[in-house]
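Novice: one predicted model, sequence on top.
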Amino acid sequence: MAVILISYDYYLARKELFSSAKMIANATVMELDKEFSVVQSALMTLSTSPSISHGDLEAFQVQAIQVAAQQDVLNIVLEDSTGRQILNTLKPFLRERYLAREITSPISLGGGKEMQVSDLFQGPIARQLVVAVSIPVSAGKNPYFLSAGVTPKRFEQILSLQKFKLNWIVAILDSSGAIVARSHDMSRFVGKKVPPNTLAAIRNSPEEAVELTSIDGVPMVAVTASSGKSGWFVAIGIPQEYLRSELNRKFWFLIFSSTVLMGVGLIFSLHIGNNISQAIRELVTPALEIGGEKVIPHKVFSIQEANEVWQALFNTSKMLQSARYQARHDSLTGLANRALFCEFLEQQMEICTRNQSSLSLLYVDIDNFKKVNDTHGHATGDELLIAVSNRLKSVLRKSDIAARLGGDEFAIVLIDADNENAKLVAIKLSANLEDSYYLGNQLISASASIGVSSFPSGCTDSQTLLLYADEDMYRVKSSRRENTETSTSIDALKIN
Ligand SMILES: Nc1nc2c(ncn2[C@@H]2O[C@H](COP(=O)(O)OP(=O)(O)OP(=O)(O)O)[C@@H](O)[C@H]2O)c(=O)[nH]1
């Protein structure tokens with residue numbers, strides 16, 4: 001994967017490099033053509049001089065010398081179609097006058113527009129390498145040519161103004177492949193021709209990058225641009241070594257950045273992993289507590305999912321607690337139900353056995369409760385059951401427990417109370433229960449029969465204890481029935 005990434009990245013970078021080099025090569029060609037156009041314009045202006053149209057070559061030479069100086073060209077030459085020089089600003093005028101005489105008719109005004117650019121050649125008079133930029137001028141039927149000699153230095157200046165990368169080797173080549181200017185070692189290579197196969201490669205692949213070897217033996221990949229005006233080329237060579245080093249640089253950069261990324265990713269995933277395992281560890285306790293007596297305590301985690309799991313545990317814990325409560329409590333009165341009562345009773349009997357202490361049980365049954373329902377309605381009956389429950393609770397100590405066993409029957413465990421104490425509590429409770437009840441805007445009278453049994457005296461297990469208390473309650477109730485007119489439940493208990 002890394003290799004594919006590097007290759008693709010390198011391919012893109014290489015493409016971008018060559019396309020920017022190609023743009024610079026084209027820009028350089030435009031600069032080159034502009035330079036030729038400047039010289040051409042100067043020659044065209046000079047060709048319209050009245051002195052030449054009147055055959056006054058001496059005056060024309062003076063003008064040509066001025067133009068040559070202004071245009072920074074080596075010389076200006078007027079020659080005929082055979083190449084014979086009629087005038088050369090590098091030579092004294094007198095010598096030329098002889099040649100001038102050979103002009104049979106005056107040279108007409110106005111130079112031709114077609115410019116010609118020669119390849120680089122050794123100037124015979126200047127004795128240095130020069131390029132001739134020429135325009136045709138006509139003298140009757142005979143064409144003449146007005147030329148300006150431009151030295152390679154001027155082309156070197158064009159190169160120096162372009163934004164080439166330092167390691168690029170840039171050359172301006174004439175149409176024969178001779179080096180006119182070069183970005184590196186110009187003095188060593190100017191005038192030398194590139195090998196024919198290099199020239200052919202440059203000519204044949206104007207749009208593509210070509211692999212070639214520079215004249216000084218450097219393997220490179222080159223992009224080229226050619227000038228329509230001159231038939232010259234600008235070649236930008238990028239050394240293969242530089243391209244390889246770029247590939248290496250990208251490779252190592254990718255290796256480095258992947259390693260850093262992997263390292264960061266590893267640290268990040270370790271961090272996340274730690275957070276997750278920490279959250280899971282912290283979730284273990286509430287998960288274990290879910291079946292406990294209390295709702296699990298509130299907790300906030302740094303991970304959203306852990307918070308969601310905690311919320312689910314919390315909801316389950318609440319549901320379990322509610323279910324457990326409902327399973328062990330009477331839904332109407334909120335008192336313990338028979339199951340919880342029996343459980344509590346057995347626990348307490350064990351404690352009593354261990355501590356050699358005692359406990360007592362009160363069995364409470366509301367008298368004629370059916371009548372309350374029938375007279376005042378079932379809802380009022382419910383309210384009475386709740387009111388009785390509240391009175392039971394108000395009489396008890398915190399260590400005692402009251403339960404609704406079913407219907408209008410209640411039971412109470414009195415901790416650390418022997419039979420005598422329990423009977424006193426029963427009398428007190430009976431009196432309390434006989435106070436009127438204000439239920440649903442009406443005053444209702446009620447009473448209860450209370451039976452008593454005690455542990456350890458008389459019985460050994462919870463069921464027997466409950467049975468004895470129940471039987472005792474019936475005894476009291478019967479007795480109360482027999483004495484309905486004269487006796488109260490308290491009296492009945494007293495008798496019992
Ligand atoms: N309102 C109401 N009535 C209930 C509830 N559970 C049982 N009962 C009624 O309570 C009455 C209990 O009556 P019994 O225990 O038969 O007799 P009683 O009328 O209390 O007479 P004695 O016990 O002999 O004094 C029944 O009519 C039941 O239908 C309840 O939750 N709410």
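Specialist: Yep, that arrived. Everything quoted here is computed from the prediction, not taken from an experiment.

Novice: now do the top strand by length along the chain: which elements does it pack against?
Specialist: As assigned by DSSP state E, the longest strand anywhere in the chain is strand 129-139. For strand 129-139, the packing partners by 3 or more C-beta pairs under 8 Å, 6 or more residues apart in numbering; DSSP states H and E come out as helix 2-47, strand 116-117, strand 121-122, strand 142-150, helix 152-161. For every residue, glycine as well, the C-beta is placed using N, CA and C.

Novice: quick one: closest of those to Asn373.
Specialist: helix 2-47 (86.5 Å; C-beta to C-beta).

Novice: and the angle from the closest one to helix 152-161?
Specialist: Helix 2-47 runs at 140 degrees relative to helix 152-161, counting by axes from the mean of the first three to the mean of the last three C-alpha atoms, to 10 degrees.

Novice: report the mean confidence score over helix 2-47.
Specialist: The pLDDT scores in helix 2-47 average 85.

Novice: buried ones in stretch 300-307?
Specialist: Neighbour counts over stretch 300-307 (16 or more other C-beta atoms under 10 Å) mark 301, 306 as buried.

Novice: should've said stretch 143-159
Specialist: So for stretch 143-159, counting by 16+ other C-beta under 10 Å, buried means 144-152, 154-156, 158-159.

Novice: same check on stretch 209-228?
Specialist: The neighbour-count check on stretch 209-228 (16+ other C-beta under 10 Å) flags 209-210, 212-215, 218, 220-227 as buried.

Novice: if we take the buried residues of stretch 143-159, which one ends up nearest to Pro92?
Specialist: Nearest to Pro92 among the buried residues of stretch 143-159, with distances taken as C-beta to C-beta, is Gly149, at 17.1 Å.

Novice: got the residues of the chain near the ligand?
Specialist: With C-beta under 6 Å from any ligand atom as the criterion, the chain comes near the ligand at residues 332, 365-371, 373, 378, 381-382, 385, 407-408.

Novice: now with 8 Å, please.
Specialist: By C-beta under 8 Å from any ligand atom, the residues of the chain that approach the ligand are 332, 365-374, 378-382, 384-385, 406-409, 449, 477, 481.

Novice: CA atoms only: put stretch 371-380 into CSV for me.
Specialist: Only the C-alpha atoms of stretch 371-380 are listed here, as CSV (Å, rounded to 0.1, in the frame of the first residue of the first chain):
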residue,chain,number,x,y,z
LYS,A,371,-70.1,-4.2,57.0
VAL,A,372,-67.9,-1.1,56.3
ASN,A,373,-67.6,-2.2,52.7
ASP,A,374,-71.2,-2.9,52.4
THR,A,375,-72.3,0.3,54.1
HIS,A,376,-69.8,2.8,52.8
GLY,A,377,-68.4,1.2,49.7
HIS,A,378,-65.3,-0.6,48.9
ALA,A,379,-63.2,2.6,48.4
THR,A,380,-64.0,3.7,52.0
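
Novice: need the winner for burial among the helices and strands packed on strand 129-139.
Specialist: Most buried of the helices and strands packed on strand 129-139, by mean neighbour count (mean count of other C-beta atoms under 10 Å): strand 142-150, with a mean of 22.

Novice: what pairs with it, parallel or antiparallel?
Specialist: Using DSSP bridges, strand 142-150 pairs in its sheet with strand 75-80 (antiparallel), strand 129-139 (antiparallel).

Novice: distance from the helix or strand following the shortest one to the middle of the chain?
Specialist: Moving toward the C-terminus from strand 75-80, the first helix or strand encountered (DSSP states H and E) is strand 85-88. For strand 85-88, the distance from its own C-alpha centre to the chain's C-alpha centre is 76 Å (C-alpha atoms, centre = their mean, to the nearest Å).

Novice: packing partners for strand 85-88?
Specialist: For strand 85-88, the packing partners by 3+ C-beta pairs under 8 Å, 6+ apart come out as helix 57-70, strand 75-80, helix 93-101.

Novice: quick one, phi/psi of Glu211?
Specialist: Backbone torsions of Glu211, given as degrees, to the nearest 10, read phi -90, psi 130.

Novice: equivalent analysis for the one 4 residues further on, please.
Specialist: Backbone torsions for Ile215, taken as degrees, to the nearest 10, come to phi -60, psi -20.

Novice: report the rounded mean pLDDT for stretch 93-112.
Specialist: On average, stretch 93-112 scores 48.

Novice: meant to ask about stretch 462-474, not that
Specialist: 94.

Novice: cool, stretch 250-270 as well?
Specialist: Model confidence over stretch 250-270, given as mean pLDDT, is 86.

Novice: how about that stretch as PDB, C-alpha atoms only?
Specialist: Output of stretch 250-270 as PDB, limited to C-alpha atoms (Å, rounded to 0.1, in the frame of the first residue of the first chain):
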ATOM      1  CA  LYS A 250       9.100  11.400  -0.700                       C
ATOM      2  CA  PHE A 251       9.700   7.800   0.200                       C
ATOM      3  CA  TRP A 252      11.300   8.700   3.500                       C
ATOM      4  CA  PHE A 253       8.800  11.400   4.200                       C
ATOM      5  CA  LEU A 254       6.000   8.900   3.700                       C
ATOM      6  CA  ILE A 255       7.800   6.300   5.800                       C
ATOM      7  CA  PHE A 256       8.400   9.000   8.500                       C
ATOM      8  CA  SER A 257       4.800  10.400   8.400                       C
ATOM      9  CA  SER A 258       3.300   6.900   8.300                       C
ATOM     10  CA  THR A 259       5.400   5.900  11.300                       C
ATOM     11  CA  VAL A 260       4.400   9.100  13.200                       C
ATOM     12  CA  LEU A 261       0.700   8.600  12.200                       C
ATOM     13  CA  MET A 262       0.900   5.000  13.300                       C
ATOM     14  CA  GLY A 263       2.500   6.000  16.600                       C
ATOM     15  CA  VAL A 264      -0.100   8.700  17.200                       C
ATOM     16  CA  GLY A 265      -2.800   6.200  16.200                       C
ATOM     17  CA  LEU A 266      -1.400   3.600  18.600                       C
ATOM     18  CA  ILE A 267      -1.200   6.100  21.400                       C
ATOM     19  CA  PHE A 268      -4.700   7.300  20.700                       C
ATOM     20  CA  SER A 269      -6.100   3.700  20.500                       C
ATOM     21  CA  LEU A 270      -4.300   2.800  23.700                       C
END
